[in-house]
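1. please find the sequence and the predicted model below.
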Amino acid sequence: MNKSIATIALVSICVFFSGISSAQTSTDPAPGIVSGNVSILFQSYQEDSLIGAVVPDSKSGFNAFSNINYNQGNFSAGFRYESYLNSVLGFPGRFKGSGLGYRYARWVDNEKGVDITIGNFYEQFGSGIILRSYEARNLGLDNALDGFRIILTPIKPLKVKMLYGKQRLDFDSELINGDGIIRGIDAELSINELIPTFTDSKLKITPTYSFVSRFQEGGNIVKDTLILELPQNVGAWDYGVTMQYEMWKFGVSRTKKINDPSADNGYIYKEGEALMYFLTGNIKDVSFLLQRSTTDNMSFRSDRDLLLFDAPINNIPTITKTHTYNLAATLYPYATVINGESSFRGELYYNLKRGSTLGGKYGTKMNLVFATSYSLDTTNFGREEGRPDLVYGYQRNSWGFGDSLNVQDISFEIERKFSKKFKAKAMYMNLQFNTLATPVTTDFKGIVFADIFVLETQIKTAKRQSLRTEFQVLFTEQDKGDWATVVAEYTWSPHWFASVIDQYNFGNPDEAKRVHYLYGSAGYINGSHRLSLGYGKRREGIFCVGGVCRAVPASSGLEMTFTSSF
Amino acid sequence: MNFNFYKTHSPVKSILLAGVFLLAMTAEASAQTIPSVQLKDLTGSTVDTGTLENDGNPIVICFWATWCSPCKRELNNYMDYYADWQEETGVKIIAVSIDDTRSTKRVAPYFMSSGWEFEILLDPSGDFKRAMGVNNVPHTFVYNGEGELVWSHNNYAEGDEEELYEELLKLVE
């Protein structure tokens, strides 16, 4: 304890004198700026046997964090203070206590092409297929790296990132990192800036290369009669190129990872591979996105023995659209099958112009999205000599689609402003969802076929006041049957809002489960400060992000949120 | 499940905490400016946000995402008035997409059909979002001609554009 106080005193003196020194030597020192934010979530719980809501021992949950950043010229430093007293339902229950969950110092000199970070940082190489550390705080996901990162621009066309660190895994009154050590390098080269004749070309070519390695103590595992050695160093690399001509863009990347037996893949020694490519552009008024991806055995974690949300090094993007309407977004959210999938997405956008016969006075926007994912095209090894079935599991025959559908999501949206006071949006979605691939329900195993219809309207009722409504219905003969959701939201700009949402499982085959999940909330906004209070029932559900899902239990009670930026 | 936890040393925590507080205490009070983060625009060019400027006229920075309905309502409504606002105040609106690796490829085709005339920047890793202290979207910031933060708002409701317009007018009075 005394040692810590002495250390703080020493650093304080150094910092104080360095401040004086800087003030004395610099003729025009950059001003120091303090900024940050605060987020508080409080929930109190009531028992509700109808929806299966229970009250935890602490009767309430409290999650809060605050980021404080200091910036002066090229230097910045900061920390995040976090509290889980106790964590709200649905968050990892082992998040406990209060303390620092993130701290860093950074020095950036853009002129000399040097950027150094010590402590915690978030980083992404390319598409994130071999490295993506990021935070989704509302889901309890944070895999920040903790170590050193150096970003160098030795020549203008070349940017190189190098990092060494451990990864955040948990929080118990302080940051707790995972077991493995992560090492990585990423290089991005601008051909246009490298070759003078290309400098002014509209065609921009950018090749990229990344390498990431994890070190974790090895050991042996026993499979049947085989004793197998676990690899201590697991390397993964990704190379690709993006080509852009004005608003047209094409990208392709190829990824490999050496054998990485893990809890995710059943401790098989097969190598991981991925191939991804996409094209975006426009033809006259129609713009589009085409995306194709095959990922095979690409789960990559700091600790080979962990599962679900814990310490993922990489992130395999989900192929389906991020839906916004309640029934489309929360009942059957697709998550990438991280052990392997072959997927495709196509999107079309079209805007009927303002003033045209079909477009109306303000124009009409349309959007069609088709996304699908299948299992891999594979053959399982048999029980042959050497037991390749236990060691390698399977072999992939092609980059194509396998036989088993994971998801098919087709949605069409149309949006139109009819007058200064009225606008509307409609959506139809056709969904085929394999609950064996993404286990979002325990009530049904197989493919759910669902049709979802949504109508959203917005009416300006008075100066700075408006009423927004959503009518949603989902029809399916599988799982929990049909659902309907009604949302009504009234806003008084710029400060107040009140809303009610009722989610009703009117088609549940079990009549006792035809429950209304009614939830009301109201809030006040003042600049960058926002307070909201809510009360009602929340159904149990699954939150999915980046290929993993987490179950959130049903709850009933009061909720308060406060967010602020400064 | 076996966890083999590595615990950080508390002196490191104390050092950083003490350092940041002391620097904050010794800092001169000053208006917030746009922090420097390297982002890409839709043509693939790198933009340093610390160098954003608008010839001494106001800059509005809107954080949005393709999956955020209120964000798109906000920007659609701003577009209805953008030509008038530019004429009266010289304002430039920069829309920063926080779409992550799952949806960032949607930004360009969405933008092309949107009819928006704003500058679009991509922040798929959330670096700029973190530097600006953004909790959730939409979040809108107004900077005056000197690049100083003068107004921000974390929400969008119909009619907020009138509040924004009044703030912009104050800057050119």
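-> Everything's here; your move. Being a predicted model, the structure only gives us computed values, none of them experimental.

2. for residue A:361, give me its contacts.
-> By C-beta atoms under 8 Å, 6 or more residues apart in numbering or on different chains, the contact list for residue A:361 reads A:354, A:355, A:417, A:419. In this view, the C-beta of every residue, glycine as well, is placed from N, C-alpha and C.

3. all helices for the chain, in order.
-> Going with chain A. Using DSSP state H, the helices of chain A run over residues A:2-25, A:191-194, A:326-330, A:388-391.

4. ah, no, chain B please
-> Using DSSP H, helices in chain B cover B:10-26, B:69-89, B:107-114, B:127-131, B:160-172.

5. which pLDDT value goes with residue 58?
-> Picked chain A for this. As predicted, residue A:58 sits at a pLDDT of 88.

6. wrong chain, I was asking about chain B
-> 95.

7. go on, residue A:233?
-> Checking the pLDDT column for residue A:233, the value is 96.

8. tell me the contacts of it?
-> A:213, A:214, A:215.

9. most neighbours, which of those?
-> With neighbours taken as other C-beta atoms under 10 Å in any protein chain shown, the top of the contacts of residue A:233 is residue A:214, carrying 27 neighbours.

10. I figured that residue hits residue A:182, correct?
-> Yes: with contacts counted by C-beta atoms under 8 Å, residue A:214 reaches residue A:182, the gap being 5.7 Å.

11. list residues touching both of those two?
-> Contacts common to residue A:214 and residue A:182, judged by C-beta under 8 Å, 6+ apart, are A:302, A:313.

12. looking at chain B, which helix or strand is least sure?
-> strand B:6-7 (a mean of 42; mean pLDDT, DSSP states H and E).

13. what about the residue of the stretch 151-300 of chain A found nearest chain B, how many residues close to it?
-> Chain B sits closest to residue A:287 of the stretch 151-300 of chain A, with a gap of 3.8 Å, by C-beta to the nearest C-beta. When counting by other C-beta under 10 Å, one arrives at 23 neighbours for residue A:287.

14. distance check, it against residue A:248.
-> Distance of residue A:287 to residue A:248, given as C-beta to C-beta, to the nearest Å: 10 Å.

15. shared neighbours of these two, which are they?
-> Joint contacts of residue A:287 and residue A:248 (C-beta under 8 Å, 6+ apart) are A:280, A:281.

16. quick one: contacts for residue A:48?
-> Counting by C-beta under 8 Å, 6+ apart, residue A:48 has contacts A:537, A:554, A:556.

17. separation between it and residue A:58?
-> Following C-beta to C-beta, the distance that separates residue A:48 from residue A:58 is 18 Å.

18. with residue A:514 instead?
-> For residue A:514, the distance to residue A:58 - C-beta to C-beta - is 32 Å.

19. which of those two has more neighbours?
-> Set residue A:514 next to residue A:58 and count neighbours by other C-beta under 10 Å: residue A:514 wins out with 15 against 12.

20. thought that one was touching residue A:503?
-> No: with contact defined as C-beta under 8 Å, residue A:514 does not count as touching residue A:503 (11.7 Å).

21. ok, the residue in the stretch 1-150 of chain A that chain B sits nearest to - how many residues close by?
-> Nearest to chain B, among the residues of the stretch 1-150 of chain A, is residue A:32, at 2.8 Å (C-beta to the nearest C-beta). Using other C-beta under 10 Å, residue A:32 has 19 other residues around it.

22. what bridges to it?
-> residue A:72 (DSSP bridges).

23. check contacts around residue 107.
-> Picked chain A for this. Residue A:107 sits in contact with A:74, A:75, A:76, A:114, A:115, A:116, where contact means C-beta under 8 Å, 6+ apart.

24. sorry, I should have been clearer: chain B.
-> B:42, B:66, B:97, B:99, B:120, B:122.

25. mind checking pLDDT for it?
-> Value for residue B:107, per-residue pLDDT: 95.

26. measure residue A:348 to residue A:454 for me?
-> For residue A:348, the distance to residue A:454 - C-beta to C-beta - is 19 Å.

27. looking at the two, which is more packed in?
-> residue A:454 (24 against 17).

28. test my guess that the more buried one contacts residue A:471.
-> Yes: under the criterion of C-beta under 8 Å, residue A:454 makes contact with residue A:471 at 7.1 Å.

29. tell me, how many neighbours does residue B:109 end up with?
-> 24.

30. what does the one 3 residues further on give?
-> Other residues lying near residue B:112 total 20 when counted by other C-beta under 10 Å.

31. give me every residue that touches the residue lying closest to it once chain neighbours are set aside.
-> Nearest residue to residue B:112 in three dimensions, chain neighbours excluded: residue A:287, at 3.8 Å (C-beta to C-beta, 6 or more residues apart in numbering or on different chains). Residue A:287 makes contact with A:247, A:280, A:281, A:348, A:349, A:350, B:108, B:109, B:110, B:112, B:113 under the criterion C-beta under 8 Å, 6+ apart.
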